Every structure is written in structure tokens, then in C-alpha cells.
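Colleague: sequence first, then the predicted structure, then my questions.
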Amino acid sequence: MLSGINTDVEHGGKMYHVQTEDGGQQNPVIVTHLFAGGAILSSKKVSYADVIQAGPNPEVVREMMKAQHQGMIKSLTTGQFGGGATPSAAAPEAPPVPPVPPRPTMPRGRRTLDEVIDEQLASRRGKPS
């Protein structure tokens, strides 16, 4: 297993992190992640099982890692992620909710319709229909 490659990239006023790792001969894959604010924006995973069929070849694997790593950086800086990469899980901010107006109050001595109905029903309970 080869050591990974890590690069911080500033683009569009934001800081991004590109990380490329080797899974080793037991798991012959190269994985590259693009991060922003701790969230993964993009990932690329490529197998190199065919490369090591004839035996370990760390020089070729290292070159594959470098190429994949630089490819992710190029994708970021050439705008592949759309005008400024943002985490796909991030939702746009909602507009502020206007305050709820206070409920109107009844003038003193006046009753609501519910109060009138409740009073009538209560008075009828004692009288047969």
C-alpha cells in the first residue's frame, strides 16, 4: 500500500481538499475524494487489479494515483462542479418567515360565536327537545 496524496486547493474564494489513497494489493483500487467543509463533493474509484496481475508495480500505481489526483483538481478548477462547487447535500437557505400577526381580541362584553353556541347548547341540555 502506497502512502496517500493530499492537496488543499483554493478556488472561487473557497478552500477544498483533494485526497487520493491506495487500497493496497488486497484491495487494488485508487480512491480520490474532493472535500469542502468536511463534506465529500465528489469521489472517483479506479481498480488497478489488471496492473498487478503480473506482480506488484508500485511505480505504475504511484503514477496512476498522481494522474487521478491531478484530474480531480483540474475538474474542480475548470468548473466541472458548476460555478463553485458546493456540497450536494447542502440545501439553499430558506427566506425568513414573516412574524405571525397577533390574533384579534374581542371587545370587552362581546362574545365569540363559539361562546354563544356553547352557551346555547348548555342551556338546551337541561330541556327536552
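Modeller: Great, that's in hand.

Colleague: can you pull the buried residues of the least confident helix or strand in the chain by mean pLDDT?
Modeller: Across the helices and strands of the chain, the lowest-confidence element by mean pLDDT, DSSP states H and E is helix 113-125, at a mean of 87. Within helix 113-125, no residue counts as buried by 16 or more other Cβ atoms under 10 Å. Any C-beta I mention is one placed from the backbone N, CA and C, and that applies to glycine too.

Colleague: tell me, how many residues neighbour residue 98?
Modeller: Number of residues near residue 98 (other Cβ atoms under 10 Å) recorded here: 6.

Colleague: can you give me the pLDDT of it?
Modeller: Listed pLDDT for residue 98 reads 75.

Colleague: how far away is it from residue 65?
Modeller: Using Cβ to Cβ, to the nearest Å, residue 98 is found at 53 Å from residue 65.
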